[in-house]
Each structure stands twice: as C-alpha cells, then as structure tokens.
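[1] Could you look at this predicted model? Sequence included:
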Amino acid sequence: MTEAAGQAKTAADVAGALVRPASGLDDYAAIATLFDETWGRGTGPGPSYIQAVAHAGNTVLVATRDGEAIGALLGVLGWDDGLHVHSHVTAVRPSARGGVGFALKLAQRALALEHGVTEVRWTYDPLIRRNAHFNLEKLGATVRAYRPDFYGVLDDAISGTDSTDRFEVSWKLDSLPVAQTIDRVLSGAPGSQPALAAAATGIRLELHPDYEALRQSDPDAAAELRAASRAVFEPAFAEGLTVTFEDGGYIFTPPTEAQRTPGS
C-alpha cells in the first residue's frame with residue numbers, strides 16, 4: 001500500500017466509513033439521489049451520466065456506512081494548463097459529516113497518484129468559511145484563480161439566486177507541503193500559522209461565520225457581502241497577490257520569489 005493509500009484508509013477508518021470506487025447501477029443511482037438531496041432534484045448529474053463518467057475511467061467514489069451511501073465524489077480528467085483531475089462535485093449527508101469528506105478527498109488523491117496524475121483542481125464559494133478551512137487548511141490546496149459568477153445562476157437548494165463567484169484551487173498531490181498537511185490533520189496536531197507574519201502587511205478579508213445561513217435568512221445582507229468581497233478579490237487577483245487563509249479570513253500578499261519562479 002502506498003503512503004497516499006494508507007493515509008486515505010486511515011481517514012476512512014477515523015470517519016467510520018468505507019470509501020471505494022462506485023461500481024454498478026445501484027451505486028450510481030444512490031449517488032444521484034445523494035446529489036439530488038443536497039442540491040435539489042434535477043439540479044445534479046443523473047445516474048446515466050455518473051455511469052458514463054465512471055465507465056470512462058474517471059473518479060467516481062462512494063462512501064458507505066452500514067451499507068448506506070453517506071457521501072460521494074465525482075471528478076473528470078482535464079488537460080488545460082497541464083494534466084489534472086477536475087473534482088466537480090462532492091456531497092456528504094449532513095447527519096454523516098465529520099471526516100467523510102476528508103476521507104473522500106484522500107481516496108481521490110490516492111487514486112489519481114496511482115494513475116500518474118499529480119494535480120486535482122476544483123472550485124468553491126470563497127465566502128463559505130468552512131469550505132475555505134477545509135480546502136486550504138485541511139487539504140493544503142492553494143488558490144490559483146478567481147472566477148466571478150462562474151456557473152451563472154444555479155437556482156438550486158443551496159445557492160438559490162446568489163452569484164456563483166468561485167475560487168479555483170490546485171491540489172499538488174505529490175508535494176511535501178500537502179503530505180505534511182495531511183499528516184498533521186490525521187495526527188490531530190494543531191495547524192501552523194504561516195500567515196501571521198504576513199498579516200501586518202497583507203490585505204485581510206474577514207469571512208462571515210456562516211454565509212450559507214445568512215444567505216437564507218437575509219439575502220440582501222448576503223448580497224452586500226458578495227459585492228464587498230468582489231471589491232477585494234478583483235484588484236487582489238489583478239495584482240497577482242497570493243491567498244492564504246487563517247483564523248477565519250483571507251490574507252492577500254505579494255508572491256514570494258519562489259512562487260514567482262516557474263516550477264518552484
């Protein structure tokens with residue numbers, strides 16, 4: 001068993017779940033149902049599409065507990081700016097949250113590395129603080145781009161009519177920082193604070209503690225936060241600033257010399 005596979009198994013064991021590649025119509029139907037329950041019926045990929053993606057050899061993973069599907073992940077191969085897996089959608093039943101999403105991502109990492117792919121990318125709403133923490137602090141991914149209104153209006157059970165601004169992240173699967181981050185999380189060690197020294201000179205944007213709840217309870221206030229974030233994100237990315245996440249907020253700083261050097 002490779003180190004990545006061992007880390008994935010440890011994460012699944014900690015979460016009390018079995019994580020495996022989906023196989024067969026029953027799995028594909030269960031995954032489609034889970035996506036429908038998460039985003040609303042008819043808004044996610046159906047069983048036939050999931051089957052086609054899996055048949056083509058892409059990443060379709062299911063997490064089960066006592067034989068019930070409690071989480072799923074779907075990704076497809078991409079080649080723009082280098083070969084990578086685009087991780088399109090991940091869902092975990094609310095009642096099963098607590099490590100299942102982490103186990104799914106580590107299984108995706110192990111599977112990609114097994115097939116010689118060393119990068120996974122995906123997008124997330126930069127205003128959802130728990131996702132920023134998960135992607136940047138727990139997985140060790142880095143922000144590579146800002147995509148304003150990336151999907152247009154989704155009008156699903158989660159996003160509603162909110163703008164779909166997204167950060168696109170890159171997860172360098174075979175990098176030492178990623179491996180160290182995963183080891184730290186699995187060991188339960190506290191996280192390092194690399195952004196503290198930069199905080200005095202960088203631009204800091206605090207995130208609302210629960211933007212998803214705010215969006216449901218006060219859409220106007222959520223829209224104001226969205227507009228305020230754009231006023232920070234757009235010039236920061238235009239200037240080529242790097243993004244870190246620490247203590248509930250983003251810090252934008254000029255890139256280091258190593259980050260400016262291709263292949264570093």
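    On my side now, so go ahead. Numbering: from 1, shown residues only.

[2] use CA for all of it now, contacts and neighbours both
    Noted.

[3] Report pLDDT for Gly202.
    As predicted, Gly202 sits at a pLDDT of 84.

[4] same check, this time on the one 3 residues further on
    We note a pLDDT of 96 for Leu205 in this prediction.

[5] again, but for Ala110
    98.

[6] That one in helix, strand or coil?
    Three-state call for Ala110 (DSSP: H, G, I helix; E, B strand; the rest coil): helix.

[7] what stretches of the stretch 101-250 of the chain score poorly on pLDDT?
    Residue ranges of the stretch 101-250 of the chain with pLDDT under 70: 156-157, 191-201.

[8] residue ranges for the strands of it, please.
    Under the criterion DSSP state E, counting those that start in this stretch, the stretch 101-250 of the chain contains strands at 119-124, 142-147, 166-172, 203-206, 242-246, 249-253.

[9] Just put these in TSV and tack on mean neighbour count and distance to Ala112.
    Listed next are those as TSV, based on neighbours: other C-alpha atoms under 10 Å; distance: least, C-alpha to C-alpha, whole Å:
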stretch	mean neighbour count	distance to Ala112
strand 119-124	21	8
strand 142-147	19	18
strand 166-172	21	11
strand 203-206	16	33
strand 242-246	21	25
strand 249-253	21	29
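
[10] possible to save those strands as JSON lines with distance to Ala69?
    Conversion of the strands of the stretch 101-250 of the chain to JSON lines gives the following (distance: least, C-alpha to C-alpha, whole Å):
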{"stretch": "strand 119-124", "distance to Ala69": "23"}
{"stretch": "strand 142-147", "distance to Ala69": "30"}
{"stretch": "strand 166-172", "distance to Ala69": "26"}
{"stretch": "strand 203-206", "distance to Ala69": "35"}
{"stretch": "strand 242-246", "distance to Ala69": "32"}
{"stretch": "strand 249-253", "distance to Ala69": "33"}
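
[11] so which of these comes closest to Ser87?
    strand 119-124 (5.1 Å; C-alpha to C-alpha).

[12] Using CSV, write out every CA atom in the closest one.
    Extracted in CSV, the C-alpha atoms of strand 119-124 (Å, rounded to 0.1, in the frame of the first residue of the first chain):
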residue,chain,number,x,y,z
GLU,A,119,-2.9,17.6,-9.5
VAL,A,120,-6.5,17.9,-8.7
ARG,A,121,-8.4,21.2,-9.2
TRP,A,122,-11.9,22.3,-8.1
THR,A,123,-13.9,25.4,-7.4
TYR,A,124,-15.6,26.6,-4.2
